[in-house]
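Asker: I'll drop the sequence and a predicted model, then ask my questions.
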Amino acid sequence: MSRTGHRTEVTPEERPDTWNPSGHPRAPQVDLRGRRFLVTGAATGIGLATADGLAERGAEVLFGARTWDRASPAVAWLRKRHPEASIMPFSADLSNLREVDRAAKELLAAGEPLHGLINNAAIAGARGVSADGFELTYATNHLGPFLLTERLLPLLEASAPSRIVMVTSHWHFDVTGIPWNRLERPIRSPLARLKRYRETKLMNVLYARELSRRLKGTKVSTYAAHPGMVASDIWRRIPQPLRGLFMGFMLTPEDGAQTQLRCAIDPTIEGESGLYWKRTQPHPPSSLAQDDRLGDRLREVSLTHVRRVLGDAAI
Ligand SMILES: NC(=O)c1ccc[n+]([C@@H]2O[C@H](COP(=O)([O-])OP(=O)(O)OC[C@H]3O[C@@H](n4cnc5c(N)ncnc54)[C@H](OP(=O)(O)O)[C@@H]3O)[C@@H](O)[C@H]2O)c1
């Protein structure tokens, strides 16, 4: 209740289509009943807000998280908000190629359609190498999502019209090149680890564009979506009180989710494949992100890395 005695909380069911408390542009209210979406990194932040937006519109949500334990409190919260919604677990550590392979095979074997894949999960500033020996941020933010997407492509094509959304960042503008020979060792300096985060976000834009070229003539569209600067767990490695200070000026996860939601569901942008989006609108990405030779090289290197772990028949 407000101080004037009026109820200020509005449930999702009561919201009009134009509900927009922050002024940030909103994804449209589309009826998604009968449509099925996989959102990775759905247990927290922008991913959870994206899963919420999909469930609110009636979609079936495959709830991607590292483990079921990690996901279950968020899934319980979502089921309470949307008792009618179908929310199914999709558990995999995306930094681990064998786990991604296993989870994708299980999804394909289930024989259900898939209308949207939202590659949202990511880390920033972490140290170490993955179980397969790749630098951890590269393994989590690009290589795992690359394998997942390639594996699910036949299903997305069979379920078309369908969409692939790569969640990227405007920080990709700061990148001057991809250090191809440094993707297989840990990074010591915290600043260099943030640089790697930016490089992986460039990879996300390049991959969305490269895929759209390859998928020309199909009804599978790709999108690279920048959510804006959002107060989420991704900043947890930044020390307090600095973190609290600058997070106060950021968007909420709900606002941040609007761009990837629009890319995933808006029927009016069905054919606008391969573009970079921010504040729910298309924008030119960095010139490096428009370099198709760089996109081809990224595919070649990613294939080499995946095949080294899973064998030549992997993709
Ligand atoms: N926040 C921003 O200002 C901002 C700005 C630009 C772009 N983005 C992008 O937005 C997306 C979502 O980030 P966020 O801000 O919502 O951060 P977040 O709350 O930290 O969400 C990231 C999610 O990814 C999951 N994840 C990380 N590593 C994983 C792995 N190996 N396997 C499976 N899941 C894994 C995390 O799960 P755990 O908690 O279990 O690790 C978490 O649920 C990211 O792609 C990020 O690059 C964010």
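Answerer: Here it is on my side, so go on.

Asker: wait, isn't V30 in contact with D266?
Answerer: Yes - counting by C-beta atoms under 8 Å, V30 touches D266, with 6.9 Å between them. C-beta: built from backbone N, CA, C; applies to glycine.

Asker: Give me the common contacts of these two.
Answerer: Counting by C-beta atoms under 8 Å, 6 or more residues apart in numbering, no residue touches both V30 and D266.

Asker: check contacts around the nearest residue to R57 once chain neighbours are set aside.
Answerer: Nearest residue to R57 in three dimensions, chain neighbours excluded: L32, at 4.2 Å (C-beta to C-beta, 6 or more residues apart in numbering). Counting by C-beta under 8 Å, 6+ apart, L32 touches 54, 57-59, 265.

Asker: Need the phi and psi values for L32.
Answerer: phi -110, psi 20 (degrees, to the nearest 10).

Asker: ok, now the one 5 residues further on?
Answerer: With angles defined as degrees, to the nearest 10, F37 shows backbone torsions of phi -130, psi 140.

Asker: got the contact list for it?
Answerer: Neighbour list for F37: 54, 59-62, 114-118, 264 [criterion: C-beta under 8 Å, 6+ apart].

Asker: Repeat that for H115.
Answerer: H115 makes contacts with 35-37, 156, 159, 161-163, as judged by C-beta under 8 Å, 6+ apart.

Asker: confidence score at F90?
Answerer: Looking at F90, its pLDDT is 97.

Asker: For it, the count of nearby residues, please.
Answerer: F90: 20 surrounding residues under other C-beta atoms under 10 Å.

Asker: Let me see the residues that make contact with the helix or strand it falls within.
Answerer: If you go by DSSP states H and E, F90 is part of strand 87-91. Strand 87-91 is contacted by residues 38, 40, 51, 55, 60-68, 71, 75, 78-79, 103, 107 when judged by C-beta under 8 Å, 6+ apart.

Asker: of those, buried ones?
Answerer: With burial judged by 16 or more other C-beta atoms under 10 Å, the buried subset of the contacts of strand 87-91 is 38, 40, 51, 55, 60-66, 71, 75, 78, 103, 107.

Asker: Show me those residues that map onto helices.
Answerer: Of the buried ones among the contacts of strand 87-91, the ones assigned to helices by DSSP state H are 51, 55, 71, 75, 78, 103, 107.

Asker: The fourth one and G64 touch, don't they?
Answerer: Think V75. No - V75 is not in contact with G64 according to C-beta under 8 Å; the separation is 11.1 Å.

Asker: Identify the contacts common to the two.
Answerer: Here V75 and G64 have no joint contacts, going by C-beta under 8 Å, 6+ apart.

Asker: number of nearby residues for P267?
Answerer: Residues lying near P267 (other C-beta under 10 Å) number 8.

Asker: The stretch 1-150 of the chain: strands as residue ranges?
Answerer: 36-39, 60-65, 87-91, 116-119 (DSSP state E, counting those that start in this stretch).

Asker: tell me which parts of the stretch 101-250 of the chain are close to the ligand?
Answerer: Within the stretch 101-250 of the chain, the positions lying close to the ligand (C-beta under 6 Å from any ligand atom) are 120-123, 140, 167, 169, 226-227, 229-230, 232-234.

Asker: What is the most widely separated pair among these?
Answerer: Across those, the longest distance by C-beta to C-beta is 20.3 Å; it joins T140 and M229.

Asker: Looking at these two, which is more packed in?
Answerer: Neighbour count, other C-beta under 10 Å: between T140 and M229, T140 has more, with 24 against 16.
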